[in-house]
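[1] please find the sequence and the predicted model below.
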Amino acid sequence: MRLYCLLFSILVALPAAAQHSPSAKKPTPVKAVVAAPPAPVIIPPSTQKLDLHYGFRGVALEADSLTVEGLAFDRRDNGLSLCHRDTDSLMLGTAAISPTTYSFYRGKLLSLSFSAKGAANSHAVLARLQALYGPGEQKNSGQQRYTWRGTKALLRYDESSTNNNAVITLISLPLSSIRQQDSNGATLGTAANR
């Protein structure tokens, strides 16, 4: 039994002695490998960007009207609350534009629109939209009307052939669908009450 206790104490002492022995190898420090940051994903001009942006100048479609900074009420029209922001820039790249109109439905941003006057401003806006979202769909090649349709957002550019003024409108498709359903329900309810 003594022999067993003696052997046991030697076995326990060996690893501790090896750690403090000058001939024991010190562990090599592990160097942390820092991965390079991922390269930014560059999306070519496409309607996919339209859904990624899902808004304009930091205001997202479907945003609650109470969360949009600097919002000023203009009027109510056809169930919508129309507003503007005095802080919005009246330039889009090199193009002069009108103040943006924000249209809220049920307190959520349904759409926003602005205009550009004259060919130089309108065409500069169109070039910017095409650089971001691609060429757009044009049903009649004789008119300057373009549409970009994402899965969540719809963008329209409509230029007058007489004065080259353009109206640009960005719409939330999900909220537009809800508004349409509400409108259909109201129409059905009115017809049932006759």
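    Looks like it came in fine.
[2] quick one: least confident helix or strand in this structure?
    Counting by mean pLDDT, DSSP states H and E, the weakest-scoring helix or strand in the chain turns out to be helix 2-20, with a mean of 49.
[3] and the next helix or strand past it?
    With elements assigned by DSSP states H and E, the helix or strand that comes after helix 2-20 is helix 47-53.
[4] what residues does stretch 75-93 touch?
    Identification of contacts with stretch 75-93 by C-beta atoms under 8 Å, 6 or more residues apart in numbering yields 57, 65, 68-74, 96-105, 107, 110, 114, 116, 124-125, 128, 179. The way it works is simple: take the backbone N, C-alpha and C, and place the C-beta from them, glycine included.
[5] out of these, which are buried?
    65, 68, 71, 97-98, 100-105, 110, 114, 116, 124-125, 179 (16 or more other C-beta atoms under 10 Å).
[6] against which helices or strands is the longest strand along the chain packed?
    Looking across the chain with DSSP state E, the single longest strand is strand 108-116. Using 3 or more C-beta pairs under 8 Å, 6 or more residues apart in numbering; DSSP states H and E, the elements in contact with strand 108-116 are strand 55-56, strand 59-60, strand 101-105, helix 118-133, strand 166-172, helix 173-192.
[7] and those as JSON lines, adding distance to S160 and mean pLDDT?
    JSON lines is the format used below for those (distance: least, C-beta to C-beta, whole Å; pLDDT from 0 to 100):
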{"stretch": "strand 55-56", "distance to S160": "22", "mean pLDDT": "95"}
{"stretch": "strand 59-60", "distance to S160": "26", "mean pLDDT": "96"}
{"stretch": "strand 101-105", "distance to S160": "18", "mean pLDDT": "98"}
{"stretch": "helix 118-133", "distance to S160": "9", "mean pLDDT": "96"}
{"stretch": "strand 166-172", "distance to S160": "7", "mean pLDDT": "98"}
{"stretch": "helix 173-192", "distance to S160": "24", "mean pLDDT": "80"}
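[8] would you list those in TSV and tack on distance to T47?
    Formatted as TSV, those follow (distance: least, C-beta to C-beta, whole Å):
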stretch	distance to T47
strand 55-56	15
strand 59-60	17
strand 101-105	21
helix 118-133	6
strand 166-172	12
helix 173-192	11
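[9] contact partners for the residue positioned nearest the centre of the chain?
    Closest to where the C-alpha atoms of the chain average out (C-alpha atoms, centre = their mean) is H53, at 2.8 Å. Applying C-beta under 8 Å, 6+ apart to H53 gives the contacts L132, A153.
[10] same deal with the one 4 residues further on?
    Under the criterion of C-beta under 8 Å, 6+ apart, the neighbours of R57 are D88, S89, T100.
[11] got phi/psi on the second one?
    According to degrees, to the nearest 10, the main-chain angles of S89 amount to phi -70, psi 140.
[12] going forward can the numbers begin at 47, since that is how I track them
    In the new count, where the first residue is 47, that last one comes out as S135.
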